[in-house]
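**Q** okay, predicted coordinates and the sequence, questions at the end:
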Amino acid sequence: MNNAQMTARVGLFFILGLALLWVVFESLGSGGLFQKKGYEIATRFDNLQQLKTGDEVRIAGVKIGTIRTTRLAGGQAEAVLTIDKDVVIPDDSRAKIALSGLLGSNYLAITLGSSPTPAAPGALIASDPTADLNAILAQLDGLGSDLRGALAGLSTAFGSEDGGLFKRLDELVSQNSENLSKTVANLEAITGKIKSGDGTIGRLVNDPGAYDELVGALAEFKKASTQAATFIAEAQGVIEEVKTGKGTLGTLIYDEKTGEDIKATAANLRSLSDKLNSGEGTFGKLLTDDTLYRDVQGLMKKADCALDGLSDQGPITAVGVAANALF
């Protein structure tokens, strides 16, 4: 092998090395060597959460682009997306950072909107906040600490030096065993009486007739309560009519003219009674003056004598005799 061939081979390996470096750089830097041509849009987050250049952009789990670059913009993190040219994204679509798995890498998920207007190249679409995995792990760690504390408290309560809760329960049962035995015996006696039909509850449980009587009494009570409710409703109706001035009682209570008439009638009756007591008028004299009574009594005696003398005389003579006797 001469020097010319050796030089050519070295140059060829050098060119192949440069090409390989370029392929690796493009693959790692832009997410792929042979990417589809597309258009760019952007979205912003408070925290990209390890989202980096080259990560996938998906819709419903289907890759439709990649993250071209990330940068700061207005106090937020902005991700510039390269979307395949044959994919149309409405301008009201929303972006969200998602996980491929618990230990997987992040990707950008886009939820399509309903707007008929597609997002123009360079447009900024809205985003939804994403839970931070680190914050979730911190909360889980705090929950684990609380759980360990609770378990430690339970362990102390159940297994302390003085015997714990179980020992105290055992002592409580031991100290009250006699009372518990008596209580159980009383319960057995009560259940025995109920089973044999003694007492009201026993009759209700064992005697169908007592149950029927109780049901009948409840029905009568229900009927009486219904009648009472009806009576109360009717009484309320009467009270409402009285309040509105209807009927005789309502007129007497609320009609001023009727009230004045009653007052005038009462005054007239009182005046009439006063006159009768004082002997004024014919009725007053009849009640207080006995002269008229004596005159009437004498006249009745004369009429009686005249009727005795008419027994044997004719009608005309009788009339004349009666007139003479009277006048």
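**A** Great, that's in hand. Numbers count the residues shown, from 1 in each chain.

**Q** where in the protein is the helix or strand with the lowest mean pLDDT?
**A** The element with the least model confidence among the helices and strands of the chain, by mean pLDDT, DSSP states H and E, is helix 315-326, at a mean of 51.

**Q** what's whichever helix or strand residue 228 is part of packed up against?
**A** Using DSSP states H and E, residue 228 maps to helix 208-243. Using 3 or more C-beta pairs under 8 Å, 6 or more residues apart in numbering; DSSP states H and E as the contact test, the elements touching helix 208-243 are helix 199-206, helix 247-254. (Glycine included, C-beta is placed from N, CA and C.)

**Q** lowest mean pLDDT across the ones you listed, which one is that?
**A** Within those, the least confident segment by mean pLDDT turns out to be helix 247-254, at a mean of 66.

**Q** quick one, domains of the chain?
**A** Using automatic domain parsing, the domain parsing of the chain gives 1-34, 36-133, 164-206, 256-288, 291-326.

**Q** beta partners for the nearest residue to residue 111 once chain neighbours are set aside?
**A** In space, and not counting its chain neighbours, residue 111 is closest to residue 94: 5.0 Å by C-beta to C-beta, 6 or more residues apart in numbering. Beta-bridge pairing for residue 94 (DSSP bridges): residue 111, residue 126.

**Q** gap between residue 94 and residue 114?
**A** As defined by C-beta to C-beta, to the nearest Å, residue 94 lies at a distance of 11 Å from residue 114.

**Q** so which of those two has more stuff around it?
**A** Set residue 94 next to residue 114 and count neighbours by other C-beta atoms under 10 Å: residue 94 wins out with 14 against 7.

**Q** these two touch, right, that one and residue 130?
**A** No - using C-beta atoms under 8 Å, residue 94 and residue 130 do not qualify as a contacting pair, with a distance of 11.4 Å.

**Q** most packed of the domains of the chain?
**A** Counting by mean count of other C-beta atoms under 10 Å, domain 36-133 has the highest mean neighbour count of those, with a mean of 15.

**Q** so for it, what's the average pLDDT?
**A** Domain 36-133 comes out with an average pLDDT of 88.

**Q** repeat for stretch 172-183
**A** In this model, stretch 172-183 has an average pLDDT of 80.

**Q** CA atoms of it as CSV?
**A** Included here for stretch 172-183 are C-alpha records, laid out as CSV according to Å, rounded to 0.1, in the frame of the first residue of the first chain:
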residue,chain,number,x,y,z
LEU,A,172,-62.4,-3.3,83.3
VAL,A,173,-64.1,-6.5,82.3
SER,A,174,-62.7,-8.3,85.4
GLN,A,175,-63.8,-5.6,87.8
ASN,A,176,-67.3,-5.6,86.4
SER,A,177,-67.7,-9.3,85.7
GLU,A,178,-70.4,-9.7,88.5
ASN,A,179,-72.4,-6.8,87.1
LEU,A,180,-72.1,-8.1,83.6
SER,A,181,-73.2,-11.5,84.7
LYS,A,182,-76.3,-10.0,86.4
THR,A,183,-77.1,-7.9,83.3
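
**Q** which SS class is residue 183?
**A** Residue 183 carries the three-state label helix when classified by DSSP: H, G, I helix; E, B strand; the rest coil.

**Q** one more: residue 305?
**A** helix.

**Q** start at 31 instead
**A** Sure, I'll start numbering at 31, so the last one becomes residue 335.

**Q** would you map the helices across the stretch 31-180 of the chain?
**A** 33-60, 163-188 (DSSP state H, counting those that start in this stretch).

**Q** a markdown table for the domains of the chain, including distance to residue 261?
**A** Rendered in a markdown table, the data for these read as follows (distance: least, C-beta to C-beta, whole Å):
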| stretch | distance to residue 261 |
| --- | --- |
| domain 31-64 | 89 |
| domain 66-163 | 66 |
| domain 194-236 | 32 |
| domain 286-318 | 29 |
| domain 321-356 | 56 |
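
**Q** indicate which one of these is closest to residue 271.
**A** The stretch from the domains of the chain with the least distance to residue 271 (C-beta to C-beta) is domain 286-318; that distance is 15.8 Å.

**Q** residue 259 and residue 252, how far apart?
**A** Distance from residue 259 to residue 252, counting by C-beta to C-beta: 11 Å.

**Q** whoops, I mixed them up, residue 155
**A** The gap separating residue 155 from residue 252 is 70 Å, by C-beta to C-beta.

**Q** and if you look at residue 246?
**A** Remark: distance between residue 246 and residue 252 (C-beta to C-beta) = 11 Å.

**Q** try residue 310
**A** According to C-beta to C-beta, residue 310 and residue 252 sit 67 Å apart.
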